[in-house]
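>>> Predicted structure and sequence below. I'll ask about it afterward.
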Amino acid sequence: MKQLLVTLLLVATVTSTAYAAIKVIGKGDVINLDTSSFPPAMKANYEIFRVRCAQCHTLERAITAIQTGVAPVSGGTFDSNAVRGHGVKMLRNSDMTKAEVKSSVELVNFLLAEKGR
(Lines give C-alpha, C1' and ligand atoms only; values in the text may rest on other atoms or scores of the structure.)
Protein backbone atom coordinates (compact mmCIF):
# COMPACT_ATOMS: atom_id res chain seq x y z
CA MET A 1 0.00 0.00 0.00
CA LYS A 2 2.82 2.39 0.89
CA GLN A 3 4.54 1.65 -2.43
CA LEU A 4 1.32 2.37 -4.33
CA LEU A 5 0.91 5.70 -2.54
CA VAL A 6 4.49 6.69 -3.29
CA THR A 7 4.00 5.76 -6.95
CA LEU A 8 0.77 7.74 -7.20
CA LEU A 9 2.39 10.75 -5.55
CA LEU A 10 5.33 10.55 -7.94
CA VAL A 11 3.01 10.25 -10.94
CA ALA A 12 1.03 13.28 -9.78
CA THR A 13 4.23 15.26 -9.26
CA VAL A 14 5.78 14.37 -12.61
CA THR A 15 2.62 14.56 -14.71
CA SER A 16 2.85 18.25 -15.53
CA THR A 17 6.35 18.05 -17.03
CA ALA A 18 6.94 14.47 -18.13
CA TYR A 19 4.62 14.60 -21.13
CA ALA A 20 6.40 17.44 -22.90
CA ALA A 21 8.46 15.44 -25.42
CA ILE A 22 6.19 12.40 -25.78
CA LYS A 23 2.92 13.22 -27.48
CA VAL A 24 0.04 10.97 -26.46
CA ILE A 25 -3.20 10.50 -28.36
CA GLY A 26 -6.23 9.30 -26.39
CA LYS A 27 -6.19 7.74 -22.95
CA GLY A 28 -6.99 4.51 -21.16
CA ASP A 29 -7.67 1.60 -23.49
CA VAL A 30 -7.34 3.76 -26.60
CA ILE A 31 -4.04 5.46 -25.78
CA ASN A 32 -1.39 5.69 -28.48
CA LEU A 33 1.69 7.73 -29.16
CA ASP A 34 1.85 10.40 -31.84
CA THR A 35 4.63 9.03 -34.03
CA SER A 36 4.60 11.87 -36.58
CA SER A 37 7.99 13.16 -35.40
CA PHE A 38 9.60 9.72 -34.95
CA PRO A 39 12.41 8.59 -37.26
CA PRO A 40 11.25 5.85 -39.68
CA ALA A 41 12.96 3.06 -37.71
CA MET A 42 11.21 4.12 -34.50
CA LYS A 43 7.84 4.25 -36.29
CA ALA A 44 8.38 0.61 -37.30
CA ASN A 45 9.48 -0.28 -33.78
CA TYR A 46 6.38 1.40 -32.37
CA GLU A 47 4.13 -0.80 -34.48
CA ILE A 48 5.81 -3.90 -33.05
CA PHE A 49 5.59 -2.48 -29.53
CA ARG A 50 1.95 -1.42 -29.97
CA VAL A 51 0.85 -4.85 -31.15
CA ARG A 52 3.09 -7.23 -29.21
CA CYS A 53 3.38 -5.53 -25.84
CA ALA A 54 -0.37 -4.93 -25.63
CA GLN A 55 -0.93 -8.69 -25.74
CA CYS A 56 0.11 -8.95 -22.09
CA HIS A 57 -0.51 -5.48 -20.63
CA THR A 58 -2.06 -2.20 -21.66
CA LEU A 59 -0.19 0.41 -23.63
CA GLU A 60 -1.27 2.87 -20.97
CA ARG A 61 0.79 0.95 -18.42
CA ALA A 62 3.89 1.03 -20.62
CA ILE A 63 3.45 4.67 -21.65
CA THR A 64 2.91 5.76 -18.05
CA ALA A 65 6.13 4.01 -17.02
CA ILE A 66 8.01 5.80 -19.79
CA GLN A 67 6.48 9.18 -18.95
CA THR A 68 6.96 8.98 -15.20
CA GLY A 69 10.13 6.90 -14.93
CA VAL A 70 8.34 4.67 -12.41
CA ALA A 71 7.61 0.99 -12.99
CA PRO A 72 3.88 0.66 -12.30
CA VAL A 73 3.97 -2.75 -10.62
CA SER A 74 7.14 -2.56 -8.54
CA GLY A 75 7.29 1.21 -8.05
CA GLY A 76 10.97 1.04 -8.94
CA THR A 77 12.86 3.24 -11.36
CA PHE A 78 11.95 2.71 -15.01
CA ASP A 79 15.12 3.58 -16.92
CA SER A 80 17.30 1.98 -19.60
CA ASN A 81 18.59 -0.61 -17.13
CA ALA A 82 15.05 -1.59 -16.19
CA VAL A 83 14.09 -1.71 -19.87
CA ARG A 84 16.97 -4.07 -20.63
CA GLY A 85 15.93 -6.32 -17.75
CA HIS A 86 12.33 -6.25 -18.89
CA GLY A 87 13.46 -7.23 -22.41
CA VAL A 88 15.31 -10.26 -21.03
CA LYS A 89 12.20 -11.19 -19.05
CA MET A 90 10.05 -10.94 -22.19
CA LEU A 91 12.42 -13.26 -24.06
CA ARG A 92 11.99 -15.84 -21.32
CA ASN A 93 8.29 -15.44 -20.51
CA SER A 94 6.53 -14.48 -23.74
CA ASP A 95 6.35 -15.65 -27.31
CA MET A 96 8.06 -12.50 -28.57
CA THR A 97 11.00 -13.11 -30.87
CA LYS A 98 14.45 -11.73 -30.14
CA ALA A 99 13.98 -9.22 -32.98
CA GLU A 100 10.63 -8.05 -31.55
CA VAL A 101 12.10 -7.62 -28.09
CA LYS A 102 15.10 -5.77 -29.50
CA SER A 103 12.83 -3.42 -31.47
CA SER A 104 10.66 -2.77 -28.42
CA VAL A 105 13.66 -2.10 -26.15
CA GLU A 106 15.13 0.28 -28.76
CA LEU A 107 11.82 2.14 -28.96
CA VAL A 108 11.42 2.47 -25.18
CA ASN A 109 15.00 3.71 -24.81
CA PHE A 110 14.35 6.22 -27.62
CA LEU A 111 11.22 7.41 -25.81
CA LEU A 112 13.06 7.70 -22.50
CA ALA A 113 15.70 9.86 -24.22
CA GLU A 114 12.99 11.98 -25.89
CA LYS A 115 11.28 12.47 -22.54
CA GLY A 116 14.50 13.92 -21.16
CA ARG A 117 14.75 16.62 -23.82
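On my side now, so go ahead. Numbers count the residues shown, from 1 in each chain.

>>> helix, strand or coil for the residue nearest in space to the middle of the chain?
Central residue of the chain (C-alpha atoms, centre = their mean): residue 62, 3.6 Å from the mean position. For residue 62, the assignment made with DSSP: H, G, I helix; E, B strand; the rest coil gives helix.

>>> How about the one 4 residues further on?
With three-state DSSP as the basis, residue 66 sits in helix.

>>> Can you get me a residue count around the closest residue to it other than its chain neighbours?
Once its chain neighbours are removed from consideration, residue 66 has its nearest residue in residue 111; the separation is 4.9 Å (C-beta to C-beta, 6 or more residues apart in numbering). The C-beta positions use only the backbone N, C-alpha and C, and glycine is treated the same way. Other residues near residue 111 number 24, with proximity taken as other C-beta atoms under 10 Å.

>>> The one helix or strand residue 111 maps to packs against which elements?
With elements taken from DSSP states H and E, the one containing residue 111 is helix 98-115. Using 3 or more C-beta pairs under 8 Å, 6 or more residues apart in numbering; DSSP states H and E as the contact test, the elements touching helix 98-115 are helix 40-52, helix 59-68, helix 80-93.

>>> picking that back up, next up, the contacts around the residue nearest to the centre of the chain.
When contacts are counted by C-beta atoms under 8 Å, 6 or more residues apart in numbering, residue 62 is found next to 49, 53, 108.
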